[in-house]
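> quick one, structure for this:
(chains A and B)
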Number of protein chains: 2
Amino acid sequence: MTVSAESDLVSQIRSAGLAADGEGESRLRLLFAGVKLFSEIGYHETTTRHLSQEAGMSPAALYVHYRSKAELLGAIILLGHRQVVDVLESAVAEVGEDPVSRLRALARAFVSWHAAHIAVARISVLHLDAVPPEEFEQIRRQRARIVELFENEIRAGERGGGMEVPDVHYVALAIISLGLDLVRWYSPERRITPAEIGELYADLAVRMVLNR
Amino acid sequence: MTVSAESDLVSQIRSAGLAADGEGESRLRLLFAGVKLFSEIGYHETTTRHLSQEAGMSPAALYVHYRSKAELLGAIILLGHRQVVDVLESAVAEVGEDPVSRLRALARAFVSWHAAHIAVARISVLHLDAVPPEEFEQIRRQRARIVELFENEIRAGERGGGMEVPDVHYVALAIISLGLDLVRWYSPERRITPAEIGELYADLAVRMVLNR
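Down below sits the predicted model:
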């Protein structure tokens, strides 16, 4: 599935924080090549030869930076997750103490990030199982942090913010599902923008938790 | 990821309607082998030799029934989707005319089916892109029917059933996301049963649509 043109991918990767890795131009070129090829022709269909050609280097040079295609995949998914955590922490820092406003800000940021970075988001959702154990453990920690951010606001809301839910953990997972599952159907050609779907699903997240 | 023991898979496949295909014992054995191997060792990691060995037949005999591994994948996913449509249509047939009750029944049935048939559900969500065009088109029609079933009840609820939503289509997709995304995290070892997660998420679905 062709998710987007290369120019979009470049801005997506820079915006996803993949340029902030600080490991030099070659490593960055490989990350770009990975996002482009994994999203356009598929992770399993991409060979290390494809990757080195796309990045303009020899296959041997590739292995200097990443020991395997799976390790490159893990690096892409980990950088994406780190940026999601940053975006969520910034989103709650910008609003006050009201748990409903904070949960709305988290849901809006999470959902719109996934729509705006659909190439990286699709790779993360579909190919996490292929990541090597070391990178997987780091990604798992970022995911636990994401769940915790949502759970914290629901718990605060239950203590006096007008929320009441059947189960804090599973409601947090449900809100996260709204952002993750859109990688199945969202495309930039849809009539709804990332900001709009973020706003709409943030409204649904708030509806899920309010005490009626 | 080992999703379940073989004995569970057998009951899952029978329950998922894969035995109702009417194309004989060999075809059924291949469907069983596909669900088992695709869920336990992965679709891309499974070869046609693995499949024919698991089904107790020669590689040549496999091709009599399915032209490729991808066609077998398509058959498994299509049968799963057909059973979901049957389950949803039965679920609404069993309740009255109240749109809230009908939407709750749809969401409960959809979510609990995905948890109870986690092997088939995971294969469907993760590998739909690998299905050949002919089977893909049939699956696409089943998916459109699933979306339509949810949209119908939301529209009915907006006409006088106490519902009010920001967008019928995207709210239907959000409710469906609750069922689909659980294939990422649900396992039979979780402390919550398929019936319980179905009930919990049906409650969230109703919260999403009620006019407050």
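
> what sits against the residue of chain A most remote from its centre?
For chain A, the largest distance from the centre (C-alpha atoms, centre = their mean) belongs to A:Arg212, which lies 32.0 Å off. Each residue near A:Arg212 by C-beta atoms under 8 Å, 6 or more residues apart in numbering or on different chains is listed here: B:207, B:210, B:212. Quick note: C-beta positions are derived from backbone N, CA and C, even for glycine.

> distance between the helix or strand that A:Ile123 is a member of and the chain's centre?
Element membership for A:Ile123 (DSSP states H and E) is helix A:118-127. In terms of C-alpha atoms, centre = their mean, to the nearest Å, the centre of helix A:118-127 is set 7 Å apart from its chain centre.

> could you tell me which residues of chain A lie near chain B?
Taking C-beta under 8 Å from any C-beta of the partner chain, the part of chain A that reaches chain B is made up of A:1, A:42, A:44, A:125-126, A:129, A:166-167, A:170-171, A:173-174, A:176-178, A:180-182, A:184-185, A:192, A:197, A:200-201, A:203-204, A:207-208, A:210, A:212.

> generate a PyMOL selection restricted to the buried subset of the residues you listed.
Selecting only the buried entries of the residues of chain A next to chain B in PyMOL, with 16 or more other C-beta atoms under 10 Å in any protein chain shown as the criterion:
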select buried, chain A and resi 42+125+126+167+170+171+173+174+176+177+178+180+181+182+184+197+200+201+203+204+207+208+210
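
> tell me which of the residues of chain A next to chain B fall in strands.
Assignment to strands by DSSP state E places none of the residues of chain A next to chain B there.

> ok, now how distant is A:Glu137 from chain B?
Here the distance between A:Glu137 and chain B works out to 16 Å (C-beta to the nearest C-beta, to the nearest Å).

> in whichever helix or strand that residue is part of, which residues are buried?
Using DSSP H and E, A:Glu137 falls within helix A:133-158. Buried positions in helix A:133-158, judged by neighbour count with 16+ other C-beta under 10 Å: A:135-136, A:138-139, A:142-143, A:146, A:149-154, A:156-158.

> tell me the one of those residues nearest chain B?
Nearest to chain B among the buried residues of helix A:133-158: A:Arg143, at 9.6 Å, using C-beta to the nearest C-beta.

> neighbours of the closest residue to that closest one other than its chain neighbours, how many?
In this structure, A:Arg143 finds its nearest non-sequential neighbour in A:His81, 6.7 Å apart by C-beta to C-beta, 6 or more residues apart in numbering or on different chains. As a burial measure, A:His81 scores 23 neighbours (other C-beta atoms under 10 Å in any protein chain shown).

> ok, then the element right after the helix or strand in which A:His81 is found?
Following DSSP H and E, one finds A:His81 within helix A:69-93. As assigned by DSSP H and E, the chain's next helix or strand after helix A:69-93 is helix A:99-116.

> buried stuff in the strand or helix carrying A:Gly34?
According to DSSP H and E, A:Gly34 maps onto helix A:24-40. Residues A:27-40 are the ones in helix A:24-40 that count as buried (16+ other C-beta under 10 Å).

> alpha carbons of the helix or strand that contains A:Arg49, as CSV, please.
Using DSSP H and E, A:Arg49 sits within helix A:48-55. Only the C-alpha atoms of helix A:48-55 are listed here, as CSV (Å, rounded to 0.1, in the frame of the first residue of the first chain):
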residue,chain,number,x,y,z
THR,A,48,18.6,-5.3,3.0
ARG,A,49,19.7,-4.8,-0.7
HIS,A,50,16.6,-2.6,-1.3
LEU,A,51,17.4,-0.7,1.9
SER,A,52,21.1,0.0,1.1
GLN,A,53,20.2,1.0,-2.5
GLU,A,54,17.5,3.4,-1.3
ALA,A,55,19.9,4.9,1.3
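
> going by neighbour count, list what's buried in that helix.
A:50-52, A:54-55.

> same question for stretch A:114-134.
A:114-128, A:130-131.

> quick one: distance of it to the chain centre.
Per C-alpha atoms, centre = their mean, the displacement of stretch A:114-134 from the mean C-alpha position of its chain is 7 Å.

> one more: stretch A:113-121?
Centroid separation for stretch A:113-121 versus its chain: 6 Å, with C-alpha atoms, centre = their mean.

> distance across that stretch, terminal residue to terminal residue?
Start and end residues of stretch A:113-121 are separated by 9 Å (C-alpha to C-alpha, to the nearest Å).

> flag the shaky bits of chain A, pLDDT-wise.
A:1-24 (pLDDT under 70).

> try 50 this time
Applying pLDDT under 50 to chain A picks out residues A:1-7, A:21-22.

> show me the contact partners of stretch A:156-163.
By C-beta under 8 Å, 6+ apart, stretch A:156-163 touches A:98-100, A:102-103, A:154, A:164-165, A:168, A:209-211.

> much appreciated, bye for now.
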